[in-house]
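Chemist: what follows is a predicted structure for the sequence shown.
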Amino acid sequence: GENVEQHPSTLSVQEGDSAVIKCTYSDSASNYFPWYKQELGKGPQLIIDIRSNVGEKKDQRIAVTLNKTAKHFSLHITETQPEDSAVYFCAAVTSNTGKLIFGQGTTLQVKP
Amino acid sequence: GAGVSQSPSNKVTEKGKDVELRCDPISGHTALYWYRQSLGQGLEFLIYFQGNSAPDKSGLPSDRFSAERTGGSVSTLTIQRTQQEDSAVYLCASSSRPGQGYGYTFGSGTRLTVV
């Protein structure tokens, strides 16, 4: 089955700096890669996603890149703000199962 | 409702007792998923319901865990003879794009503590 590895497990940046979180996946049939943000006491919230026919997608300060050959994808947050502090999860889905398999999560701390 | 609703939000139970966790998905969403999140860990897939198809139970950790979905809507996750290692947040998600992984919406979870 699918396995998703996520790094780093913790990341601390100064406000205004950029943050990058990286994930690798094992199943070459995976075709959908969402990123979720989870704040304390809440369920994960979708922040951006990318499908396998696209190499890069951007939404304001957030961007995601996908390299299907290498089977890795990354989340980039620019101009970080304290409210970006949360746990971020990457995930991968194969269309024939519909199961969303998560990485281990990255705790991002943005210092004012 | 507007989102996925889970109840109770917190549950403390004694080791060996049975517990039931409830999930109300978004109206019209045909796919429903349960995940478990242990402290400081990622989200572990448990079970997946899609319409009238047989559920995918491949993630259930033991036969003490079971789930059902009545009328294609509300789902109940049951844990029998709870153990301390069952302590975790149990998250439910529903989707309007079954089998394609799009549009997952999560509830806020049930925090289960087994003492």
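Modeler: Cool, got the structure.
Chemist: close to chain B: what parts of chain A are there?
Modeler: Applying CB under 8 Å from any CB of the partner chain, we find that chain A lies next to chain B at A:1, A:6, A:32, A:34, A:36, A:41-46, A:49, A:89, A:93-105. All C-beta atoms are positioned from the backbone trio N, CA, C, and that covers glycine.
Chemist: narrow those residues to those in strands?
Modeler: A:6, A:32, A:34, A:36, A:45-46, A:49, A:89, A:93-94, A:100-102 (DSSP state E).
Chemist: now for A:P44: which residues touch it?
Modeler: A:36-38, A:89, B:43, B:91, B:106 (CB atoms under 8 Å, 6 or more residues apart in numbering or on different chains).
Chemist: try it again at 10 Å.
Modeler: A:34-38, A:86-89, A:91, A:100, A:102, A:105, B:35, B:37, B:43, B:91, B:93, B:104-107, B:109 (CB atoms under 10 Å, 6 or more residues apart in numbering or on different chains).
Chemist: tell me the pLDDT of it.
Modeler: If you check A:P44, the pLDDT there is 92.
Chemist: A:E2 versus B:Y104, what's the distance?
Modeler: 15 Å (CB to CB, to the nearest Å).
Chemist: more crowded one of the two?
Modeler: Taking other CB atoms under 10 Å in any protein chain shown, B:Y104 and A:E2 do not tie; B:Y104 has more neighbours (24 against 19).
Chemist: now A:S18: closest residue in space, sequence neighbours ignored.
Modeler: A:T78 (5.0 Å; CB to CB, 6 or more residues apart in numbering or on different chains).
Chemist: doesn't A:E15 make contact with the one you found?
Modeler: No - A:T78 lies out of contact with A:E15 (CB atoms under 10 Å); the separation is 11.9 Å.
Chemist: show me the contacts for the residue nearest to A:S18.
Modeler: By CB under 10 Å, 6+ apart, A:T78 lies in contact with A:16-20, A:58, A:60-63.
Chemist: do I have it right that B:P25 meets B:A93?
Modeler: Yes - with contact defined as CB under 10 Å, B:P25 reaches B:A93; the gap is 8.2 Å.
Chemist: so what sits against both of the two?
Modeler: Common neighbours of B:P25 and B:A93 (criterion: CB under 10 Å, 6+ apart): B:4, B:31-33, B:105, B:107.
Chemist: beta partners of whichever residue of chain A sits closest to chain B?
Modeler: Ranking the residues of chain A by distance to chain B (CB to the nearest CB) places A:V93 first, at 2.9 Å. Listed by DSSP bridges, the beta-bridge partners for A:V93 are A:Y32, A:L100.
Chemist: check contacts around the closest residue to A:N96 other than its chain neighbours.
Modeler: Of all residues not flanking A:N96 in the chain, A:A29 sits nearest, at 6.9 Å (CB to CB, 6+ apart). The contact partners of A:A29, taken as CB under 10 Å, 6+ apart, are A:2, A:52, A:92-97.
Chemist: one more: B:R36?
Modeler: B:42-46, B:59-61, B:65, B:77, B:86, B:88-91, B:109, B:112.
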